[in-house]
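J.: I would like the atomic coordinates for the input below:
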Amino acid sequence: MGLILSPEVKMRHDGSRAILFSVNSTNSINDTAFRFLYPQQAVMLSLFDGKRDLNEIEKIVAYLFNLDLELASKEIESLLALHANREQTIGSLIVDMSRIDPEKARIYDPKDFIISAGSIDMTDTRCKYPCSLIVLPTMRCFTSCRYCYADREGAKGLEEFSLFLFERLLRDANECGIEAVDFSGGDLFCRDDAFDLIRLTFQNKLYPNIPTKYPLSKGQVEQLAEMGLSTIQISIDALDADIIDNLVATKAGYGRKILQTIDYLGEANIKVRTNTVLTPYNVKDAIRLARYLAELPQVFKAHFTCYGRSLYRHEDKMFCHLEDITEFESELNEIKKEFPDKAIIFSGLPGDPYSGDKEKRASAFWDRAFCTANRRGVVVLPDGRVTICEELYFHPDFIIGDLNKHSLLEIWNSPRALKLAHPDQSEVHDGPCRDCSDFHICHEGLGRCIRDALKAYGCDRGHWPDPRCPRAPVGNRMA
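T.: The predicted model follows:
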């Protein structure tokens, strides 16, 4: 059989160029893939259609671009060597057709990516259409976790969006080439119409990525399996049921029930991702939990992360101690060696953004991850308003529209969204960013983490720098 681009990624026209992106990175053991492509690069990748081998593709590229065979081979080699994320090259995303389900194969028409030379623009880091969607259907929750980062108070009294609005949003997402809805919140299952929302997602040919702490019953799990749900995330913080009950601040017995839910999911052949927040209260039990999860056949990914500062519910005593995390990481690495087929991930102890000399801070800052807020995707709040980042929630400075009044694309291209994506330095009235010579390359390049600026300096200083910036002053403790 021939070679084909993995169905885990997708190419899409993006106005003045093309993009390559992960369609559902939540369910992958790999990092999110994303790259802007020149039209000729997208045309070449579209030739990997599962019918041709590399030699055939080289000949077609030579013909299409009027190149000799050697130069065509070098062009393809250079394309496949480009990075789709920090770990994977585009070449690693090319697979043999025999390795994938034929029904999941994506076949592209090369003509769809042809753009006139004068129209090509690779400078804007913002997509012309969003390629990811986070939906917060509610801020209500079954638990009241001591480490919660959600703005539950800000949602009180708000009317949650209707099924009608949600279905219209799904149609809008389809038009943008989005194939997954990442639910967050709040807990989806606290809505009476939770199963209707999931059913609508499937009916509109999108996949619902659901994180939950809701202790689902056997019947509810079976209903999810019948709908077609194949994966789900369960947030669980310990193997000891009493520790779980303490951390989520709910009635005794919850810990036992959520562990039972994981068993029900295994019986229904629903694969499980887990997320664990490490604090001084559960870090000693976390290794037992990690081994337990690794041994469960239904668990394919287990993610452990240290508690970080919350904007809405914070206590310094929730920060982990270095010696505890060092011991945890050492023992977790041994478990990872025992279970190489499982994605067991530890985010590491967050560093102090204020530490180090100016040169060291500058080096770390310019090597930071790309911020996707308002550049690759949007976040829909429970009342239908749209913000740029999940953890900014209802902060009025970052609301870019309202789905009760406008479509997803109208909001994406709204003056408010574009103004936030391309900020005017003259409107920054105070703080280090006001006179910074790197203002434009910082904001329109890798981006500035507004969430962390708020955590470090307060909710009225969203225009202040990312605390990792070497010019940023010392603010609140972050980790």
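J.: make it CA atoms for all contacts and neighbour counts henceforth
T.: Fine.
J.: which helix or strand lies directly C-terminal to the least confident helix or strand in the chain by mean pLDDT?
T.: Ranking every helix and strand in the chain by mean pLDDT, DSSP states H and E puts helix 358-365 at the bottom, with a mean of 90. Later in the chain than helix 358-365, the nearest helix or strand by DSSP states H and E is strand 377-380.
J.: check which element follows that following strand along the chain.
T.: Beyond strand 377-380 in the direction of the C-terminus, DSSP H and E gives the next helix or strand as strand 385-387.
J.: what is the least confident helix or strand of the chain packed up against?
T.: Here helix 358-365 touches no other helix or strand, going by 3 or more C-alpha pairs under 8 Å, 6 or more residues apart in numbering; DSSP states H and E.
J.: just how off-centre is that helix within its chain?
T.: On the basis of C-alpha atoms, centre = their mean, to the nearest Å, helix 358-365 is displaced by 26 Å from the centre of the chain it belongs to.
J.: can I get the CA coordinates of it in PDB?
T.: Below are the C-alpha coordinates for helix 358-365, written out as PDB (Å, rounded to 0.1, in the frame of the first residue of the first chain):
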ATOM      1  CA  LYS A 358      18.100  38.600  33.600                       C
ATOM      2  CA  GLU A 359      20.000  36.600  30.900                       C
ATOM      3  CA  LYS A 360      18.600  33.300  32.200                       C
ATOM      4  CA  ARG A 361      15.100  34.600  32.500                       C
ATOM      5  CA  ALA A 362      15.300  36.100  29.000                       C
ATOM      6  CA  SER A 363      16.500  32.700  27.500                       C
ATOM      7  CA  ALA A 364      13.600  30.900  29.200                       C
ATOM      8  CA  PHE A 365      11.100  33.500  28.200                       C
END
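J.: so for it, what gets flagged as buried?
T.: 361, 365 (16 or more other C-alpha atoms under 10 Å).
J.: show residues contacting that helix.
T.: Helix 358-365 has contacts (C-alpha atoms under 8 Å, 6 or more residues apart in numbering) with 353-355, 468-470.
J.: nearest to H440 among these?
T.: C469 (14.0 Å; C-alpha to C-alpha).
J.: buried subset of the contacts of helix 358-365?
T.: Buried subset of the contacts of helix 358-365 (neighbour count, 16+ other C-alpha under 10 Å): 353-354, 468-470.
J.: and of these, the nearest to M318?
T.: Top of the list for closeness to M318, among these and by C-alpha to C-alpha, is P353 at 18.1 Å.
J.: the closest one against P467, yeah?
T.: Yes. Look at P353 against P467 with C-alpha atoms under 8 Å: they come within range, at 6.0 Å.
J.: specify the local secondary structure of E391.
T.: Classification of E391 using DSSP: H, G, I helix; E, B strand; the rest coil returns helix.
J.: burial measure for it, as a count.
T.: The tally of other residues near E391 (other C-alpha atoms under 10 Å) stands at 19.
J.: next, the contact list for it, please.
T.: Contacts for E391 (C-alpha under 8 Å, 6+ apart) come out as 149-151, 451.
J.: okay, and which of these map to helices?
T.: Taking DSSP state H, the ones among the contacts of E391 that sit in helices are R451.
J.: for M1, grab the count of nearby residues.
T.: 11.
J.: list the contacts of it.
T.: Taking C-alpha under 8 Å, 6+ apart, one finds 50-53, 96-98 in contact with M1.
J.: how far away is the closest residue to F339 other than its chain neighbours from N24?
T.: Leaving aside its sequence neighbours, F339 sits nearest to A294 (C-alpha to C-alpha, 6 or more residues apart in numbering; 6.8 Å). Distance from A294 to N24, counting by C-alpha to C-alpha, to the nearest Å: 22 Å.
J.: for G431, same thing?
T.: 38 Å.
J.: who has more neighbours out of those two?
T.: N24 (23 against 15).
J.: what sits against the residue nearest to that one when sequence neighbours are not counted?
T.: Of all residues not flanking N24 in the chain, A180 sits nearest, at 6.0 Å (C-alpha to C-alpha, 6+ apart). Listed by C-alpha under 8 Å, 6+ apart, the contact set of A180 reads 23-24, 132-133, 206-209.
J.: what about the residue nearest to F339, which SS state?
T.: helix.
J.: tell me the contacts of it?
T.: 300, 302, 335, 339, 342, 344.
J.: next: L418.
T.: W412.
J.: where in the stretch 51-200 of the chain is pLDDT low?
T.: For the stretch 51-200 of the chain, not a single residue meets the criterion pLDDT under 70.
J.: all strands of it, in order?
T.: 94-96, 132-135, 180-183 (DSSP state E, counting those that start in this stretch).
J.: can I get the ones you listed in TSV with distance to A117?
T.: Output for the strands of the stretch 51-200 of the chain, formatted as TSV (distance: least, C-alpha to C-alpha, whole Å):
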stretch	distance to A117
strand 94-96	27
strand 132-135	28
strand 180-183	33
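J.: list just the one of these that sits closest to L158.
T.: Per C-alpha to C-alpha, nearest to L158 of those: strand 132-135, 15.5 Å.
J.: what strands flank that closest one, and is each parallel or antiparallel?
T.: strand 180-183 (parallel), strand 377-380 (parallel) (DSSP bridges).
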